[in-house]
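*Asks:* have a look at this prediction, sequence included:
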Amino acid sequence: MIVFPFITHSFIILLSKRFDFFFAFIDSGNSLEMGRLFLVNLEGKSYSCKHCKTNLALCDDVVSKSFQSRHGKAYLFSKVVNVYAGKKEDRMMMTGMHTVVDIYCVKCGSYVGWKYEFAFEKNQKYKEGKSVLERYKVWGPDGNNYWVAQEVEAGDSDTDDA
């Protein structure tokens, strides 16, 4: 078994190229806790991490393809898998203030998008518990990658047509 140590945020992940699971040491304040992470394999058309090809979400779970991030297109999903969350923060977006957490691929640690924890505006409540994957960070269901055409200057965006 080949093991590679990988440090990201409050995680130290030991990656194994031979198995579809990983050992993670999670910083819980004063001590490190060890856990075993299992990857969820999705059946059907799915989006995956562009760096390590780990499944992230099914096409059937797309809620909206009309979102924008600072790097271009982004899609809202009702469910994503094989990600872990960063620190909660309040973030001003184009549709108002939201409490969000950035999400990262559990296998390689790459940033892939964010998850809505709380929406301050009543008409934005439908986003709570849903996740946004940035298209430039994921492979599409047909194996294509979205290339960044332009950057949005005003920071994170979450524009949608809903």
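*Replies:* All right, it came through fine.
*Asks:* I figured L58 hits N41, correct?
*Replies:* No - under the criterion of C-beta atoms under 8 Å, L58 is not in contact with N41, lying 11.4 Å apart. Any C-beta I mention is one placed from the backbone N, CA and C, and that applies to glycine too.
*Asks:* so those two - more neighbours on which side?
*Replies:* L58 (19 against 11; other C-beta atoms under 10 Å).
*Asks:* what sits opposite that one in the beta ladder?
*Replies:* Under DSSP bridges, the beta-bridge partners of L58 are S46.
*Asks:* look up how far V80 lies from it.
*Replies:* Distance of L58 to V80, computed by C-beta to C-beta, to the nearest Å: 9 Å.
*Asks:* next one: E117
*Replies:* 14 Å.
*Asks:* between these two, which is the more surrounded one?
*Replies:* Neighbour count, other C-beta under 10 Å: between E117 and V80, V80 has more, with 21 against 16.
*Asks:* what pLDDT is listed against that one?
*Replies:* pLDDT recorded at V80 is 96.
*Asks:* surely it and L56 touch.
*Replies:* Yes - at 5.4 Å, V80 counts as touching L56 under the criterion of C-beta under 8 Å.
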